[in-house]
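[1] no FASTA, just this:
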């Protein structure tokens, strides 16, 4: 079955600390994975996608097929990073995204 | 550029009343369209998606239905709302080819009383 698991509902860190938001997936083919972010009072938006290997707002995510993971990392958290983060898997056969339950990141001053 | 609209932004309805939420997309043709429900602690649940006019796929059996009367219009409906229908409803679109990401609307907060 296709599934995305984000084990942490809440991740609380202090400003300047490293951040790692965990995401594990279950998919039989070659996965297309994304991280979406929702800041307070804003719409859900794409943060980054694994195929472009980009760094957005200091965040990176590496696909580890052996561990079936796509963890989101940032070396030094900022208060403005506080938001809800969703990991998503594209299910090509069904033309849809499968989302994890989300992790709320709270960065404290 | 493409934009996606949803209305209303908020809605308070009594149990047993009908529902109609509308989503429209501008600046693109033949988009794939999606309805999600976002619940606290449960993430985004895909409710319906559509790859063309009149083509609706349902993901979860429920009290809701969807329709796509025009290429860039997607409607979420119910004949009789239940308390459990309360939530935050998001519409999204995706290019029909050449990309995987979805673009989300601002959402509708529905409270059933």
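    Structure received. Just so you know, these numbers come straight off a predicted model, no measurement behind them.

[2] Near chain A, which residues of chain B are found?
    By C-beta under 8 Å from any C-beta of the partner chain, the residues of chain B that approach chain A are B:32, B:34, B:36, B:41-44, B:46, B:49, B:51, B:57, B:59, B:90, B:94, B:100-107. Every C-beta, even on glycine, is put in place using the N, C-alpha and C of the backbone.

[3] pLDDT weak spots in the chain?
    No chain specified, so I'll use chain A. For chain A, the stretches with pLDDT under 70 are A:93-94.

[4] other chain: chain B
    Applying pLDDT under 70 to chain B flags residues B:41.

[5] Now for residue B:85: which residues touch it?
    Residue B:85 is in contact with B:19, B:63-64, B:78, B:110, B:112, counting by C-beta atoms under 8 Å, 6 or more residues apart in numbering or on different chains.

[6] buried subset of the residues of chain B next to chain A?
    B:32, B:34, B:36, B:43-44, B:46, B:49, B:90, B:94, B:100-105, B:107 (16 or more other C-beta atoms under 10 Å in any protein chain shown).

[7] Mark which of the residues you listed are part of strands, please.
    If you go by DSSP state E, these have B:32, B:34, B:36, B:43-44, B:46, B:49, B:90, B:94, B:103-104 in strands.

[8] Tell me how far residue B:54 lies from chain A.
    16 Å (C-beta to the nearest C-beta, to the nearest Å).

[9] do you know how far that residue is from residue B:67?
    8 Å (C-beta to C-beta, to the nearest Å).

[10] More neighbours: which of the two?
    Using other C-beta atoms under 10 Å in any protein chain shown as the criterion, residue B:54 and residue B:67 rank with residue B:67 on top: 16 against 9.

[11] sec struct for that one, please.
    Assigned with DSSP: H, G, I helix; E, B strand; the rest coil, residue B:67 falls in the strand class.

[12] now it, which residues is it bridged with?
    residue B:75 (DSSP bridges).

[13] who's in contact with the spatially most central residue of chain B?
    What sits nearest the mean C-alpha location of chain B, by C-alpha atoms, centre = their mean, is residue B:35, with 3.1 Å. Contact analysis of residue B:35 by C-beta under 8 Å, 6+ apart lists B:23, B:46-49, B:66, B:74, B:76, B:89-91.

[14] The ones in strands among the buried ones among the residues of chain B next to chain A: which two are farthest apart?
    Using C-beta to C-beta, those span at most 20.0 Å, a distance reached by B:32 and B:43.

[15] backbone phi and psi for residue B:85, please?
    phi -80, psi -10 (degrees, to the nearest 10).

[16] Tell me how far it lies from residue B:79.
    Remark: distance between residue B:85 and residue B:79 (C-beta to C-beta) = 11 Å.

[17] again, but for residue B:47
    In this view, residue B:47 and residue B:79 are 16 Å apart by C-beta to C-beta.

[18] now swap in residue A:3 and tell me
    Using C-beta to C-beta, one gets 32 Å for the distance from residue A:3 to residue B:79.

[19] quick one on the thing from earlier: from residue B:16, how far off is the residue nearest to the centre of chain B?
    As judged by C-beta to C-beta, residue B:35 and residue B:16 stand 21 Å apart.
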